[in-house]
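In: This is a predicted model, with the sequence first.
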Amino acid sequence: MKTSSPEQNNAFDEIGTAARAARNPVQDAVDSARTDILGRIDSLTSTVMEAGKNAKDAGVRGVDATHRYVQSSPWQALGIAAVLGFLAGAVVRRR
């Protein structure tokens with residue numbers, strides 16, 4: 001079995017030190033990119049959640065307005081529904 005010489009051990013130590021020195025800036029860049037990406041994901045998640053809440057609120061307001069209109073003018077609502085049904089039937093029949 002052959003043993004390493006002090007020169008070889010010194011060379012291995014220098015290689016290890018150089019590898020660790022090269023790793024640190026790369027790891028710092030990876031950590032920085034990860035932090036940036038996670039921040040953007042959090043921001044996007046908040047934006048999407050807010051948009052979903054706004055869409056839900058708008059839908060609820062639309063349903064409420066429709067309900068109030070039908071309650072106050074049932075015959076007009078019935079006429080509008082009949083016309084829309086006729087138009088939808090005409091469009092479907094043409095296809």
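Out: Right, received. Where do you want to start?

In: Give me the longest helix you can find in this structure.
Out: The helix that spans the most residues within the chain, counting by DSSP state H, is helix 6-72.

In: From the rest of the structure, what touches the next helix or strand after that one?
Out: Downstream of helix 6-72, the next assigned helix or strand under DSSP states H and E is helix 74-94. Residues outside helix 74-94 that contact it (CB atoms under 8 Å, 6 or more residues apart in numbering): 69-70. To be clear about C-beta, it is placed using only N, CA and C from the backbone, and glycine gets the same treatment.

In: What separation do you get for residue 27 and residue 34?
Out: Applying CB to CB, to the nearest Å, the value for residue 27 to residue 34 is 10 Å.

In: Over to residue 94?
Out: 55 Å.

In: ok, those two, which is more surrounded?
Out: Higher neighbour count among residue 94 and residue 34: residue 34, with 10 against 6, using other CB atoms under 10 Å.

In: Could I get the pLDDT score of that one?
Out: In the prediction, the pLDDT value recorded for residue 34 is 92.

In: what's the answer for residue 50, then?
Out: Reported pLDDT for residue 50: 97.

In: and it, how far is that from residue 56?
Out: Distance from residue 50 to residue 56, by CB to CB: 11 Å.

In: now do residue 46
Out: On the measure of CB to CB, residue 46 and residue 56 end up 16 Å apart.

In: Same check on residue 70?
Out: 21 Å.

In: higher neighbour count, the two?
Out: Higher neighbour count among residue 70 and residue 56: residue 70, with 14 against 10, using other CB under 10 Å.

In: so who does residue 95 touch?
Out: Residue 95 neighbours (CB under 8 Å, 6+ apart): none.

In: Can you report how many residues lie near residue 77?
Out: 14.

In: again, but for residue 61
Out: When neighbours are counted by other CB under 10 Å, residue 61 registers 10.

In: Can you give me the neighbour number for residue 53?
Out: Residue 53: 10 neighbours (other CB under 10 Å).
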